[in-house]
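**Student:** What shape does this take:
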Amino acid sequence: MPLNRRKFLKRSAVTGAGVALAGAAAAPSAEAAPAHAGPAKKRYSLTVMGTTDLHGHVFNWDYFKDAEYTDKAGNALGLARISTLVDQVRQEKGHCNTLLLDAGDTIQGTPLTYYYAKVDPITAKGGPVHPMAQAMNAIGYDAAALGNHEFNYGIETLRRFESQCDFPLLGANAVDAKTLKPAFPPYFVKKFHVPGAPPVKVAVLGLTNPGIAIWDKAYVQGKLAFPGLEEQAAKWVPKLRAMGADVVVVSAHSGTSGNSSYGDQLPYAEDAAANVARQVPGIDAILVGHAHLEIPELKVVNEQTGKTVVLSEPLCYAERLTLFDVELVFVKGKWEVESVAASLRNSNTVADDPKITKLLTDEHAKVVQYVNQVVGKATETLTTVDARYKDAPIIDLITKVQEDVVKAALAGTEYAALPVIAQASPFSRTSEIPAGNVTIRDLSSLYVYDNTLVAKLMTGAQVRAYLEYSAEYFVQTAAGAPVDVEKLTNANGRPDYNYDYVSGLHYEIDIAQAAGSRIKNLTYNGAPLDDAQQFVLAVNNYRANGGGAFPFVASGKELWSESTEIRTRIAEWVTAKGVLDPEDFASADWKLTRNGVPLF
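**Tutor:** Sure, this is the predicted structure:
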């Protein structure tokens, strides 16, 4: 990257100025016209390509299984595949007629990203260049929106990653908490030159998720603020049009549903991309992210102009590449967008780009070696296959580790005598710790997020409400009705990571009952739970900060917290034990019932 451009990117991150780059000359197309007609209208065809939610996937590799990635649908993943697709599109459309964007969540999600954030961190003096920066630079990304997971390792790591990218990280609604001025470039402008006509100016506005204020509060509180996408788009889109933008594309790390997972803690919708299209005039297309859904093309009519805005979300992990094909026509001295059509290309149709393979083989090998370190031996196989609806020992391992860490942390304090309970979620449906050698990758597959541990003060009544809320995860099922375990959970779209076990108590979840009255026979130490009893809840930071909108936990008094990942604590616990034996951690805390009769 030329030094002068790197300095400009750094300066723009502070001032909020847009980044403008000149594209290469592009040959326009023209309409065929009959002999008696006037001159043919000048036309220009532009293709905007997009990815989202890459989450550290460079190669078609599953670090948790130590093997090539496979799934039932036959998908393939990784930026090495995307690179091949991008090259194909550039050859078809002309390199000078294309733009490549991303909609965020880049530097968290795999052992590869963890390794270069924590084991061999990019923030160290003379540290490495992040593999995701290397790959995206080599592929030639033009801009990327910030995702909420960009903040998981703190602002220093994010800023270092930003400095290593040859393209801007955009976030119009990531603002300085005090001045409310953009803390990152809000937008990016690229000119596409057309012989015999003015250049086509394409403006890209980047928007991220307001939930960062909750999910990564420990890093951003008092430093950054994250207002709503709709409000900031309404502020910036008119400015981009006034600057002469002929095409306005939004790269939004936000889904289309209009829903939020943080309840009423923030006045902004989490998945607001369709709202932006509907409410803010002047947008031609939106690259959607965050929701991990595949949306080839979604058309939304703007309420003010009646114009159709085209949205598309490529499947996460670099499994798909979105193409927005934009047709423009030169009318009355200016370019006008005539049509936008979105489509997807599938990574499973191509091979890895050798350029990316050669570039990052060494980094990949280091991470493979790291995750295959043996840290202990398991006496039996542990799995999450049925952990959604049965009390599984493998989840008890998480709660046991959290209990032990919090008890040790509170020793000698005024809270040392309080009982410690812990929550954990069945993040994965396929995680397995096999009998025999236990490796870092086995434990990483169990706890796939980089969450850290927090201790919160809760009363018995609050814990009861917490459990009732968690139990809404199950679909109400009448006594005698057939039970299909594949349809028993995820009521109202509740994801697995927003269902919690709570250890240290005994309770039943009666799924024949309506939501809000399912927790039965709730006891502590063999006696009915005392609503006034105080407990210390060992909870991950996502939940502690309000993720999932569980009641009382976000507002509860914080007694202690740390920055070490829960995954690391699990590895330390197993290493210290040497032997992973369920007798040391498994406990029968809960079970599903129907009208009091156990379901399993």
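
**Student:** Going by C-alpha atoms from here, please, whenever you check contacts or count neighbours.
**Tutor:** Noted.

**Student:** Apart from its neighbours in sequence, what residue is nearest A144?
**Tutor:** Residue nearest to A144 in three dimensions, not counting chain neighbours: D102, with 4.4 Å by CA to CA, 6 or more residues apart in numbering.

**Student:** how about that neighbour, what does it touch?
**Tutor:** By CA atoms under 8 Å, 6 or more residues apart in numbering, D102 lies in contact with G50, T51, T52, Y141, A143, A144, A145, S251, L287.

**Student:** and which of those is nearest E92?
**Tutor:** E92 has its nearest neighbour among the contacts of D102 in G50, at 16.2 Å by CA to CA.

**Student:** Show the contacting residues for the closest one.
**Tutor:** L100, L101, D102, A103, L287, P314, L321, T322, L323.

**Student:** Write a PyMOL command that selects only the buried members of those.
**Tutor:** Typed into PyMOL, the line below selects the buried ones among the contacts of G50, using 16 or more other CA atoms under 10 Å:
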select buried, resi 100+101+102+103+287+314+321+322+323
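
**Student:** what would the contacts of G50 look like in TSV with secondary structure, distance to V329 and pLDDT?
**Tutor:** Listed next are the contacts of G50 as TSV, based on DSSP: H, G, I helix; E, B strand; the rest coil; distance: CA to CA, whole Å; pLDDT from 0 to 100:
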residue	secondary structure	distance to V329	pLDDT
L100	strand	22	98
L101	strand	23	98
D102	strand	27	98
A103	coil	28	98
L287	strand	23	98
P314	coil	27	98
L321	strand	26	98
T322	strand	23	98
L323	strand	19	98
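
**Student:** For stretch 108-120, measure first residue to last.
**Tutor:** 14 Å (CA to CA, to the nearest Å).

**Student:** pLDDT on it, on average?
**Tutor:** Summarised as a single mean, pLDDT over stretch 108-120 is 95.

**Student:** coming back round to it: could I get the contacts of G50 as TSV with distance to T157?
**Tutor:** Converted to TSV, these look like this (distance: CA to CA, whole Å):
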residue	distance to T157
L100	24
L101	21
D102	19
A103	19
L287	25
P314	26
L321	27
T322	28
L323	31
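
**Student:** so Y262 touches G548, yeah?
**Tutor:** Yes. In this structure Y262 lies within contact range of G548 using CA atoms under 8 Å: 5.5 Å.

**Student:** Beta-bridge partners for the residue nearest to A144, please?
**Tutor:** Here D102 shows beta-bridge partners T51, A144, assigned using DSSP bridges.

**Student:** what's the burial count for V401?
**Tutor:** 22 (other CA atoms under 10 Å).

**Student:** leaving aside the residues next to it on the chain, what's closest to it?
**Tutor:** Nearest to V401 is I570, by CA to CA, 6+ apart, at 6.1 Å.

**Student:** Report the buried residues of the helix or strand containing that neighbour.
**Tutor:** Secondary structure assignment for I570, by DSSP states H and E: helix 566-577. Buried residues in helix 566-577, counted by 16+ other CA under 10 Å: I566, R567, T568, R569, I570, A571, W573, V574, T575.

**Student:** same question, stretch 510-518
**Tutor:** Those would be D510, I511, A512, Q513, A515, S517, R518, for stretch 510-518 by 16+ other CA under 10 Å.

**Student:** Distance of the fourth one relative to I519?
**Tutor:** Shown here: Q513 relative to I519, a distance of 9 Å by CA to CA.

**Student:** what number of residues lie near P121?
**Tutor:** P121: 18 neighbours (other CA under 10 Å).

**Student:** just G222 next, same as before
**Tutor:** By other CA under 10 Å, neighbour count at G222 equals 12.

**Student:** from memory it sits against A177, does it?
**Tutor:** Yes. Using CA under 8 Å, G222 makes contact with A177 at a distance of 5.8 Å.

**Student:** still on that earlier bit, can you tell me which of the buried residues of stretch 510-518 comes closest to K191?
**Tutor:** When the buried residues of stretch 510-518 are compared against K191 (criterion: CA to CA), the nearest one is A515, at 55.0 Å.

**Student:** tell me the SS of the closest one?
**Tutor:** The three-state label given to A515 by DSSP: H, G, I helix; E, B strand; the rest coil is coil.

**Student:** Next, the residue lying closest to A269 once chain neighbours are set aside: secondary structure please.
**Tutor:** Closest residue to A269 apart from its sequence neighbours, by CA to CA, 6+ apart: S260 at 5.6 Å. Three-state assignment for S260 (three-state DSSP): coil.

**Student:** so what's S260 up against?
**Tutor:** Neighbouring residues of S260 by CA under 8 Å, 6+ apart: A269, E270, D271.

**Student:** before we move on, what SS does the closest residue to the last one other than its chain neighbours have?
**Tutor:** The shortest distance from D271 to any residue other than its chain neighbours is 4.0 Å, reached at G255 (CA to CA, 6+ apart). Three-state secondary structure (criterion: three-state DSSP) places G255 in coil.
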